[in-house]
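K.L.:
Fold the following, please.
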Amino acid sequence: MTAPDPELPSVWAAFDTFQLCYTVIPQMKSYYRYGTFRDCTQARKDLLFAMSLKAKDKQEALMIVRDREQSKYNAKITTRSSTNVWTLRTEPPPNFPPKVNH
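P.N.:
Numbering: from 1, shown residues only. Coordinates of the predicted model:
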């Protein structure tokens with residue numbers, strides 16, 4: 001038996017992530033915090049992707065993994081960050097500083 005390639009996703013690791021996504025505690029925590037159950041779609045896609053690579057030869061699988069990682073990276077850097085909510089001001093607001101009545 002050969003050692004697994006560290007560059008290729010492990011089916012077992014993907015299965016564990018998928019299975020853990022549906023366990024009670026993470027689902028209840030998500031429901032408590034956000035009012036909805038946790039979405040496990042990405043974990044399912046990752047599991048199916050890892051399983052689909054088993055039918056490919058190693059070089060083809062490595063190329064597919066690199067392409068997928070590159071597209072995920074491109075999507076990440078082109079989408080708007082949730083922390084980017086501030087607008088830069090060039091001057092203070094009209095009512096700043098507020099007047100204090102004594």
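K.L.:
What mean pLDDT does the strand or helix carrying L47 get?
P.N.:
Element membership of L47, judged by DSSP states H and E, is helix 41-52. In this model, helix 41-52 has a mean pLDDT of 95.
K.L.:
Also stretch 78-93?
P.N.:
Stretch 78-93 comes out at a mean pLDDT of 76.
K.L.:
Kindly check the end-to-end length of it for me.
P.N.:
With Cα to Cα, to the nearest Å as the measure, stretch 78-93 spans 31 Å from end to end.
K.L.:
Just confirm M51 contacts W12, I think it does.
P.N.:
No - M51 sits out of contact with W12 when judged by Cβ atoms under 8 Å, with a separation of 10.8 Å. Quick note: C-beta positions are derived from backbone N, CA and C, even for glycine.
K.L.:
separation between P26 and F15?
P.N.:
Here P26 is placed at a distance of 16 Å from F15 (Cβ to Cβ, to the nearest Å).
K.L.:
So what angle separates the directions of the longest helix anywhere in the chain and helix 41-52?
P.N.:
In the chain, assigned by DSSP state H, the helix with the most residues is helix 58-78. Here helix 58-78 runs at an angle of 160 degrees relative to helix 41-52 (axes from the mean of the first three to the mean of the last three Cα atoms, to 10 degrees).
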